[in-house]
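Trainee: pasting the sequence and the predicted model now:
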Amino acid sequence: MAKDEFQTREFKVVGTRVPRPDGLDKVTGRARYGADMSAPGMLHGYCLRSPHAHARIVSIDTSAAEAMSGVKAVVTRADFTVTPEDQGTRDILDNVMADKKALYDGHTVAAVAATSRSAGMKALKAIKVEYEVLPHVIDVDEAMKPGAPELHEGRSQESVPEGYSQNVLARSQYGHGDIDAGFAKADVIIERSFTTAATHQGYIEPHACLATMGNDNQGDLFCCTQGHFLVRSTCAEIMGMESGRLRVTSSEIGGGFGGKTTVFLEPVALMLSKKSGKPVKMTMSRDEVLRASGPTASTSIDIKIGATKDGRITGAWGDFRYQSGAFYAMNGALGAMCGFAPYDLENLKTVGWEVVTNRPKAAAYRAPGAPMAAFAVESVMDELASSIGMDPIDFRLMNGAEEGTKSAYGPTYPAIGLKATLEAAKAHPHWSAPLGENQGRGVGCGFWFNFGGNTSVSLMINPDGTVSLSEGNPDIGGSRASMSMMAAEELGIPYRQVRTIIADTASLGENDVTDGSRVTFAVGLATIKAARHAIETMKARAAKTWGIDADAVEWVDGAAQPAGPNAGKFPPLTLKEIAATMSNTGGPISGHHEANAEGAGVSFGTHICDTEVDPETGAVKILRYTVFQDAGKAVHPDYVEGQLQGGAVQGIGWALNEEYVYGEDGTLQNPGFLDYRIPVASDLPMIEPVILEIPNPGHPYGVRGVGETGIVPPLATIANAVSRAADVRMTSLPMSPPKLLAAIKAK
Amino acid sequence: MVTVTLWGSLAELAEGQRSVEVEATNLRELLQALELAHPALEPQLARGVSVSIDGKIYNDSWFQPISETSEVVLLNRLEGG
C-alpha cells in the first residue's frame, strides 16, 4: 500500500479539539492584518475610480496633482509598460488599472501616493479625466444578445456559436445519453427558469498591502491574500521583474472565501513605490471593496427534469448563463459540471456560458459557480418530488450517485458519500420535527470537487525538542492548528510542542493558493511526509548512537527504539533526547516535502432548513438549520464545524438578502454594509453541523477538503423551505421581503 | 491506446467525436498526442484543462501514469475558492 493511501489507525492528536494557536493574538489585537504593517517614510496610496459603468478614457491629466504639496507619485496605465504574455494576467492588469476603457463603476483609472490621507484625497480630485460615456450592460441575458453594448473585441473562444454578442466568451457542454429519448420516457416533466443576484464574499477585512520597491528593482510586499506565491508571480509579471526579486509575506487574514485569490491593489502599490522611491501602503474602503473587488457571478438558469411516476429520473437538461463581470471567469462551466453531480442520470445535457458585463470582475466565492446551479437543479428536484408524491429525500436517494455512477461531468465516481449524507439527514430528528403555521422545511444537496496542488513544507527539529513547521498557505480555515496536529500525530509528541508559521515566498518552494478546499488535504499530506522524513533522520541518528543499522530502528510514540530483540537492547531515545545531541550526531535535523499533490477526493453535503414566512411582510425567519457533510477525517472538529456553519450562514445571506443593486446608469447603488445586508447573529439560529467521517482513500489520515461544499446546498435548501412555507415556488434570489410578498400576493 | 472522453463542446472541435483514442502512457504524452491528432483542440489545451484519470482529477502532473484500461476524461480546467 502506498504511504499516501488511507490506513486505519488510532489517533491521539488528530480529531481532538486543541486550543487554536492564533486565538490569543486575534482577541488581543496583536495579530497583524494587511493594514497593520507600517514602514519608516511610508506614503499612503489611493485610487481614482471611474464613476461610469462603461466609458472610453479620452485623456488623463495628472499634472496638477503631481504639483501638489505632499504628493510623491501619480500613476496611470501609461506607467505599466510591460504587456504580460498570459491573457489571464493581462486581464488582471486591465482590471487593476484601466487601459483605454473603464469597464465598470469603480474601475481604477489612476492612483496617487501622498504623505497623508488629506493630501492624497486632494490629489485624486485634481486629476482630470475626460471620459466618453458608452452604453453599458449589466444583465447576463441582455449581454448575450446581438447588438448588446460590447466590452471587448475578438475575445470569444472557438466554442461560442454564431448569433451571440462578443460578450459571450465561452460555452461548455457536458452530459451523456440521449435527453430527447429520456424525456420521452418521463411521466412528469418540470421546466423552470431561475435567476440569482451577484453577491460579495463579505470578508470583514478589506484588501490592504504595504509595498516597497528599491531602485535596484528588488521589492518586498506585505499583503492580505489567500496566496502570496500567486501574488508574487502575478505582480512580478506585471512589473516586469524576476519573481525571485520580489518577496511577498502574507498578513493575518480577516476572511477571503475565494475573493482574495487574485490581486487588486498590490501592483498599483508596487508601481507607486517604484515611482516615489518610498514604501506605499494602500487599504480599500468598504465602498471600494464592494465596487471594485470581485463578487460572485449573477446567473440566469433554465432547468428541465423528467421522471417516471415511481420516481426514477429519465432525462435532465440545464442551461447555465453566468455573467463574470468585465473579464473572463470560468463559472458557468463549473455550474454545468456541478449542478447535477449528486445524481445518477442516464440522459443529461448541460451547457455553461461565460458572459462579460459592465460589473467588477467576478472572483471565486467558495465552490465558484456551484451554489447557483444547485439552487436551480435542487428547486426542480423538490418540485418534481412533490408532483409525484414522493418524500424529497427518498426521491434524491432513489436517484443519488454512488460508487460506479457516471458523473454529470464525465468521470465514474469512486466511493463517495452522497447517500450517507441523505441517510443521515433522513434519520435526524430535524427531518421529522413538527412544523407550525406559515412554516416550511426544505432539503438540498450539493457537490464540490476539492483540489490538491503544489505544496511545500519544512519541518525543523529544534535543539530543545520543540518543532517548527513552515507552510506556504495563508491560514484561512485553521491550517496552523491542523498542520501542528498532523505533525504531532506523526512524530508522536504533544500538539503544544509544534508551532506552525506561514513562511514568505523566499523561504519555501512554490505553494498554490489557499483555495479549492486544498490545504488540509495537500499541505496535510506534505506535513505528514515532512515529519516522516525527519523521523527517518532521527532513526538514523539513534542507530548511529547505538552502533546498529538504521533499518533496525523503529519510531514508536515519539521515540526511536530497536525494532526487535535481534537489533540489540537499548532504552528508547526520545525526540527530545535526539534533538539535544543533534550537533554531536550530524548537525541540524529537519524534514521537507515538496510535491504537486493531485488526486483529491470529491465531497457531498445535504442540508435541511426550516423557515417561517410572514405573509404580511414577506420577511423570512430561519428557524432551524442542519448540515450533513462527508468531511473525511475531521482533523480539528471545531474548525470543520465552523466551515459547515459558515457555509450555511453565507448561503442564508445569499438566499434571502444579499444583492448587488445597480441604477439605470450602471452604477452600484449599495456599496456598504448598511445597504448590502449580510446576516448578523440575531438573524440566525444555531447551525447544527453533522460531520460524516467517510475516509478519503487518497490521504493517509483519510482527510478530505471541507471548505467549499458547505456553501453549495443552502440557496436551494432555503428556497425549498420558503417555497413550501409560502406555498409559492420562488425562482429568483434573493428572496427579499418585497420580492416574496409580491409572489405571495400574485398567487 | 488510451480512450479519452471529451466534454461536449470540445468534441465539436474533434470532428464531433465524444471519445478519441491516442497513444500515451502518461498525462504529458496524452496531451501532446491529442494536440497532434486534433489540432483544433490546441487553443483549449493551451488555455489549460484538467484531466480525470480513474476518477481522480489532475491539472499539471505530466508524469501521472495512464494505462490502456484507465478511464480518462478531459474537463475544463478547474478553479476553486
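Mentor: Thanks, I have the structure now.
Trainee: so for stretch A:407-422, mean pLDDT?
Mentor: Across stretch A:407-422, pLDDT averages out at 95.
Trainee: just the helices in chain B please.
Mentor: B:8-11, B:27-37, B:42-47 (DSSP state H).
Trainee: and if you look at the stretch 1-150 of chain A?
Mentor: With helices called from DSSP state H, counting those that start in this stretch, the stretch 1-150 of chain A shows them at A:23-28, A:63-66, A:87-96, A:117-126, A:140-144.
Trainee: closest one to chain B among the ones you listed?
Mentor: Closest to chain B of those is helix A:87-96 (Cβ to the nearest Cβ; 8.1 Å). To be clear about C-beta, it is placed using only N, CA and C from the backbone, and glycine gets the same treatment.
Trainee: tell me what the closest one is packed against?
Mentor: Contact here means 3 or more Cβ pairs under 8 Å, 6 or more residues apart in numbering or on different chains; DSSP states H and E; on that basis helix A:87-96 packs against helix A:228-239, helix A:266-276.
Trainee: that older thread, mind putting the helices of chain B in TSV, distance to residue A:8 included?
Mentor: Output for the helices of chain B, formatted as TSV (distance: least, Cβ to Cβ, whole Å):
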stretch	distance to residue A:8
helix B:8-11	40
helix B:27-37	31
helix B:42-47	41
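Trainee: against which helices or strands is the lowest-mean-pLDDT helix or strand in chain B packed?
Mentor: Ranked by mean pLDDT, DSSP states H and E, the weakest helix or strand in chain B is helix B:8-11, scoring a mean of 86. On a contact count with 3+ Cβ pairs under 8 Å, 6+ apart, helix B:8-11 meets strand A:168-176, strand A:348-355.
Trainee: strand partners of the shortest one, parallel vs antiparallel please.
Mentor: Each strand paired with strand A:348-355, and its direction, by DSSP bridges: strand A:168-176 (antiparallel), strand A:313-323 (parallel).
Trainee: buried sites along it?
Mentor: By 16 or more other Cβ atoms under 10 Å in any protein chain shown, the buried positions in strand A:348-355 come out as A:348, A:349, A:350, A:351, A:352, A:353, A:354, A:355.
Trainee: how far off centre is that strand?
Mentor: Relative to its chain's centre, strand A:348-355 lies at 22 Å (Cα atoms, centre = their mean, to the nearest Å).
Trainee: stretch A:418-430 now?
Mentor: 26 Å.
Trainee: contacts for it next, please.
Mentor: A:342, A:393-394, A:396-397, A:400-402, A:431, A:443, A:445, A:447, A:604-608, A:610, A:624, A:626, A:628-630, A:688, A:690, A:692, A:694 (Cβ atoms under 8 Å, 6 or more residues apart in numbering or on different chains).
Trainee: could you do stretch A:393-406 as well?
Mentor: Residues contacting stretch A:393-406 (Cβ under 8 Å, 6+ apart): A:176, A:311-313, A:341-345, A:381, A:384-385, A:388, A:390, A:407, A:412-416, A:418-419, A:422-423, A:425-426, A:431, A:443, A:445, A:606.
Trainee: the same query, at a cut-off of 7 Å, please.
Mentor: A:176, A:311-313, A:342-344, A:381, A:385, A:407, A:412-416, A:418-419, A:422, A:425-426, A:431, A:443, A:445 (Cβ atoms under 7 Å, 6 or more residues apart in numbering or on different chains).
Trainee: on that earlier part again, just put the helices of the stretch 1-150 of chain A in CSV and tack on mean neighbour count.
Mentor: Below are these laid out as CSV (neighbours: other Cβ atoms under 10 Å in any protein chain shown):
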stretch, mean neighbour count
helix A:23-28, 11
helix A:63-66, 16
helix A:87-96, 19
helix A:117-126, 17
helix A:140-144, 21
